[in-house]
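**Q** With the input below, show me the fold.
(2 chains)
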Amino acid sequence: MTDVSPAKLHPSCVSDLNQPVFDQEWQRRAFGLAVALSEFGHYPWADFQQELINAIGTWEEAPTDARGRWEYYEHWVTALGAVVREHGMLEDSYINPEDRDPHP
Amino acid sequence: MTAQFGYPSDREEASAAQVRALEALLIEKGVITSGTVDKVLGYFESEMTPLNGRKIVVRAWTDPEFAARLAADTPAAVAELDLPDGMAGAEGEHLAAVVNEPGIHNLVICSLCSCFPWPVLGLPPYWYKDPVFRARAAREPRTVLMELGVPLDDDTEVRVWDSSGHSRWFVVPQRPAGTEGMSEAELAGLVTTESMIGVALADSPPGR
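**A** Predicted structure coming up:
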């Protein structure tokens, strides 16, 4: 694990324990989507969790100057994309509806 | 959004777009419906809250035999209480309680990701997922607890419980002094989420 000894705890930990759980709506939907897919039997939660551990571990092992700022829900989204691919829920050829030509 | 949570808006937008796309594609393919995510979020936000944890702790404070059953088989003991349906779902089958007692203070962390006892505590606070908290609480729990203002005397042993997919720990804090004769509702008001993670003690009753 990265040595973080000189670093301080996140300010929300020492100054105000009751911080909002979700900072943005996309974080809330990413959480709900991951849980919903597991609850409805599309994958065991352990599979999502392993992808989350992998995504967080990759960030923690990267050199400090080569990684972006910590943002927990980015790792959540990475894990969600990975587990959806692994379980074959979407083919690679799917195009994001936002990116489709409206008049093909 | 406060400054301490600020991060570049292009990353923000990229993540938001990725989530929108995933949900839209899964709806289009028929894996989920347009209401699925809202239904699950609604259930989490209305039923899986720290109110459940407070009821469990108060019962343990007022019924020592329940406290013993709670420590021995947490899901079975939780099922005895009149809590919302679905407590066994959403990872509730992996709930595991640890009980503070004189000389023993328990602290719950998740060193690898963010496992949390959702059915009894709701969703974890931001700092629980923070890499510095996760690393430091695992390595120097006593120092971290002192920084957070938890009074620990030298004789108190700190036990750290690292959550995982198999065990989602929560803490039964010690019942504060001076609470004899308080109602269950009054006692529940002393049980904070932080005390059930182990980063705080239960609140003292008013006037003490």
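**Q** Show the pLDDT at the residue nearest to the spatial centre of chain B.
**A** For chain B, the residue nearest the mean C-alpha position is residue B:121 (3.9 Å; Cα atoms, centre = their mean). Note on residue B:121: pLDDT of 89.
**Q** just for chain B, where's the confidence low?
**A** B:1-8, B:86-91, B:208 (pLDDT under 70).
**Q** which stretches of it form strands?
**A** B:95-99, B:104-109, B:157-162, B:168-172 (DSSP state E).
**Q** Can you check which helix is longest in the chain?
**A** Defaulting to chain A. The longest helix of chain A (DSSP state H) is helix A:45-61.
**Q** I was after chain B.
**A** Chain B, longest helix under DSSP H: helix B:9-28.
**Q** anything in it sitting right up against chain A?
**A** Yes: judged by Cβ under 8 Å from any Cβ of the partner chain, helix B:9-28 and chain A are in contact via B:11-12, B:15-26, B:28. Using the backbone N, CA and C atoms, a C-beta is placed for each residue, glycine as well.
**Q** Quick one, which of these are buried?
**A** B:12, B:15, B:16, B:18, B:19, B:20, B:21, B:22, B:23, B:25, B:26 (16 or more other Cβ atoms under 10 Å in any protein chain shown).
**Q** Please tell me I have it right and the first one contacts residue A:24.
**A** The reference is to residue B:12. Yes: with contacts counted by Cβ atoms under 8 Å, residue B:12 reaches residue A:24, the gap being 6.8 Å.
**Q** contact partners of stretch B:181-198?
**A** The contact list for stretch B:181-198 (Cβ atoms under 8 Å, 6 or more residues apart in numbering or on different chains) reads A:17-18, B:50-51, B:53-55, B:57-58, B:61-62, B:100, B:105-108, B:120-122, B:125, B:128, B:145, B:170-173, B:175-176, B:179, B:200-205.
**Q** Now list the buried members of the residues you listed.
**A** Buried members of the contacts of stretch B:181-198, counted by 16+ other Cβ under 10 Å: A:17, B:50-51, B:53-55, B:57-58, B:61, B:100, B:105-108, B:120-122, B:125, B:128, B:145, B:170-173, B:175-176, B:179, B:200-203, B:205.
**Q** ok, residue B:138 to residue B:28 distance?
**A** Using Cβ to Cβ, to the nearest Å, we find residue B:138 at a distance of 42 Å from residue B:28.
**Q** Kindly report the same for residue B:22.
**A** Taking Cβ to Cβ, one finds residue B:22 at 11 Å from residue B:28.
**Q** How much space separates residue A:38 from chain B?
**A** 9 Å (Cβ to the nearest Cβ, to the nearest Å).
**Q** So that residue belongs to a helix, correct?
**A** Yes: counting by DSSP: H, G, I helix; E, B strand; the rest coil, residue A:38 is part of a helix.
**Q** could you list every residue that touches it?
**A** A:44, A:45, A:48.
**Q** again, but for residue B:121
**A** Counting by Cβ under 8 Å, 6+ apart, residue B:121 touches B:50, B:52, B:53, B:170, B:193, B:196, B:197.
**Q** Repeat the analysis, applying 10 Å as the threshold.
**A** Neighbouring residues of residue B:121 by Cβ atoms under 10 Å, 6 or more residues apart in numbering or on different chains: B:48-54, B:95, B:108, B:128, B:168, B:170-171, B:193, B:196-197.
**Q** ditto for residue B:22
**A** A:29-30, A:33-34, A:37, A:77, A:80-81, A:84, A:89-90, A:94, A:96.
**Q** So which of those sit within helices?
**A** Short answer: those in helices (DSSP H) are A:29, A:30, A:33, A:34, A:37, A:77, A:80, A:81, A:84.
**Q** returning to what we had before: does the longest helix of chain A come close to chain B?
**A** Yes: applying Cβ under 10 Å from any Cβ of the partner chain, one finds helix A:45-61 touching chain B at A:45-57, A:59-60.
**Q** Show the low-confidence segments of chain A, by residue range.
**A** Within chain A, the ranges that satisfy pLDDT under 70 run A:1-20, A:92-98, A:102-104.
**Q** Great, nothing more from me.
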